[in-house]
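*Asks:* Predicted model and sequence follow; I will ask about them next.
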2 protein chains.
Amino acid sequence: MHVLIIGAAGMVGRKITNALLANPAIDGSAVTAMTLADVIEPAKPDWPAGRVDTLAVDLAAPGTPGRLIAGRPDVIVHLAAVVSADAERHFDKGYTVNVDGTRALLDAIRQAGESYCPRFVFASSLAIFGPPFPDCIPDDFAPQPATSYGGQKVIAELLVNDYTRKGMVDGISLRLPTICIRPGKPNAAASGFFSGILREPLIGQEAALPVSETTRHWHASPRSAVGFFLHAAAIDTEALGHRRALNMPGLSATVADQIEALRKVAGQDAVDLIRKAEDPLVAEIVAGWGGDYNATRARELGFTAERTFEEIIKVHIEDELDGAAPTAEVRV
Amino acid sequence: MHVLIIGAAGMVGRKITNALLANPAIDGSAVTAMTLADVIEPAKPDWPAGRVDTLAVDLAAPGTPGRLIAGRPDVIVHLAAVVSADAERHFDKGYTVNVDGTRALLDAIRQAGESYCPRFVFASSLAIFGPPFPDCIPDDFAPQPATSYGGQKVIAELLVNDYTRKGMVDGISLRLPTICIRPGKPNAAASGFFSGILREPLIGQEAALPVSETTRHWHASPRSAVGFFLHAAAIDTEALGHRRALNMPGLSATVADQIEALRKVAGQDAVDLIRKAEDPLVAEIVAGWGGDYNATRARELGFTAERTFEEIIKVHIEDELDGAAPTAEVRV
């Protein structure tokens, strides 16, 4: 089995790659080849058991989709995107990559011949929804994107559905929660603080909290995100019918819930590193995001995520901090 | 005020043109110029009071959108589309016209300069929805198109919303019901019989009924459709916020309701011209369509449609049969 990961140099792409290297199988079939593509060439892993090709490509450039599928990958994981703030600032860039790039990829698959119908796992986002929200957002809530990024993701989902209905691809779109705790340095994303208020204190550093502690949001760990993609690569898609977009499960938690979990796992000293620094702009952006989803369809199909924020923190400590945070009180 | 109608040679386009010729005003402003465009050159009406340009253009051809908006129309009515069955058969053609053509038009408007922000009234369709349906479909029901045409219309709606949110256009998308009674000859559309079982008997001809009399559907007259577009051209769109797509009002009626209305208006002799001729394929297609919508938002915004099928039949007799059907018993 041959797996193509587009956007393989990103955080989730690298984790999916590593998961497949550690356990090179999908639904009982051995993974024997991987193609890793991104705008910058992904690191080439040492994998004696299989073949890895790495590619630096611009998805939106003519010819790229054909090159990507030249090896007829059985599973395509499509993570490449112009992210939210960038798509909002650069209107054409967002549409060119997020819509046209995805469509060109689907067209290349279609044009590769009738017998080629790979599993196509598309990274969508819960940013396809916009306010006003009910307390708990049902699976069939109508997408009303509040950003160009959200609109572009819905459009791509509609393409995945239609190409799938026509038998051109076997698609599935995963509407991802906010990934928390996102490893690495603090970044400029409006959602960054959800990770920052845990990640920084766990290594003894201060973190700013720009919103109220009552702010509710929908989270899943990077480990869960990897699980979503690998599960989507493996499941029987017959049960999905033509509705190939799924709200991914997660954990609905307030900032206060996050802080309480940090206290339980890493103690009051860690919590004391969180500094309130209200930012009305961030608060306004975050108010446009849903805080709770039932994700019933996805759960019934076997997609799983954490059930407590302690779990999410422990996953971070295991996967990113070698099992122990530098702060003295951590108990995993 | 300058009005551009794209798809002006079609049934609805001609009726909108005629309505504006009869009453050349939108929201109190005089209409002094019209540009009528279609793939075949629309008939040039005699209009001493204003200027009419007619254009034969392919919307999807490079340069067409720029030509269409060269005169900076204040109101653009965009009716041009590859219709449902055609888009289902010809995959690329549907996307090229219904998606790319609409996007190219929006881009031409955007690139015309910041101060140009015309009202853009887009003909969408209730075909954006797919089964399973609740008994009465609410305004915020999630689009799950069952056809490429439906998917293309949702994508275009998302573009209209996003370009509007960005201040590039002042867009509004009208999700149209089935237009009944559609004037003219019987055609091959699966929905054709909804009009045919009334239109043909009213002129003393037989008509085939391919589905059960319990089949429920959502109808509005051509006169109502014209009203939707002219109302959408005139209303204050502030009240819509960023949610620019509206389910248009209509009349929920079963085939039995239609037949009973025909009996009331044109007598049993007319009803006797309806021949049952079950067609499982048509029945299956029709089962994929919604039969009742609340259309609350649109009604609150002042969009109106018929409330009884007798009204719909009488509108047809007035507008298409010079006020009297040839069958003896007609009482308008």
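*Replies:* It's in.
*Asks:* going forward, measure contacts between C-alpha atoms and count neighbours the same way
*Replies:* OK.
*Asks:* mind checking how far the most centrally placed residue in chain A is from residue A:98?
*Replies:* Nearest to the mean C-alpha position of chain A, by C-alpha atoms, centre = their mean, lies residue A:176 at 5.0 Å. Using C-alpha to C-alpha, to the nearest Å, we find residue A:176 at a distance of 15 Å from residue A:98.
*Asks:* Now the phi/psi pair for the residue nearest to the centre of chain A, please.
*Replies:* Main-chain torsions, residue A:176, degrees, to the nearest 10: phi -80, psi 140.
*Asks:* Next, see if stretch A:162-182 gets close to chain B.
*Replies:* Yes: Stretch A:162-182 is in contact with chain B by C-alpha under 8 Å from any C-alpha of the partner chain, via residue A:162.
*Asks:* End to end on that stretch, go ahead and measure it.
*Replies:* End-to-end span of stretch A:162-182 (C-alpha to C-alpha): 33 Å.
*Asks:* Just the pLDDT for the residue nearest to residue A:293 when sequence neighbours are not counted.
*Replies:* In this structure, residue A:293 finds its nearest non-sequential neighbour in residue A:137, 4.5 Å apart by C-alpha to C-alpha, 6 or more residues apart in numbering or on different chains. Listed pLDDT for residue A:137 reads 97.
*Asks:* can you check residue A:327 too?
*Replies:* 58.
*Asks:* same check, this time on residue A:183
*Replies:* We note a pLDDT of 96 for residue A:183 in this prediction.
*Asks:* Please verify my assumption that it contacts residue A:319.
*Replies:* No: if you go by C-alpha atoms under 8 Å, residue A:183 and residue A:319 don't touch, sitting 9.3 Å apart.
*Asks:* Which one of those two is surrounded by more residues?
*Replies:* Set side by side, residue A:183 and residue A:319 show more neighbours around residue A:183, with 17 against 14, by other C-alpha atoms under 10 Å in any protein chain shown.
*Asks:* measure the more buried one to chain B for me?
*Replies:* According to C-alpha to the nearest C-alpha, to the nearest Å, residue A:183 stands 32 Å off from chain B.
*Asks:* Likewise for residue A:298?
*Replies:* Per C-alpha to the nearest C-alpha, residue A:298 is found 17 Å from chain B.
*Asks:* show me what contacts that residue?
*Replies:* Shown in contact with residue A:298 (C-alpha atoms under 8 Å, 6 or more residues apart in numbering or on different chains): A:246, A:247, A:248, A:249.
*Asks:* where's it, which helix or strand?
*Replies:* Element membership for residue A:298 (DSSP states H and E) is helix A:296-300.
*Asks:* Output that helix as PDB, nothing but the C-alphas.
*Replies:* This file holds the C-alpha atoms of helix A:296-300, laid out as PDB (Å, rounded to 0.1, in the frame of the first residue of the first chain):
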ATOM      1  CA  THR A 296     -22.400  11.700  16.900                       C
ATOM      2  CA  ARG A 297     -21.800  10.400  13.300                       C
ATOM      3  CA  ALA A 298     -18.000  10.400  13.700                       C
ATOM      4  CA  ARG A 299     -18.100   8.700  17.100                       C
ATOM      5  CA  GLU A 300     -20.500   6.000  15.800                       C
END
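*Asks:* how distant is it from the center of its chain?
*Replies:* Computed by C-alpha atoms, centre = their mean, to the nearest Å, the chain-centroid distance of helix A:296-300 equals 17 Å.
*Asks:* just to revisit the earlier point, so what's the residue nearest to residue A:293 up against?
*Replies:* A:290, A:292, A:293, A:294.
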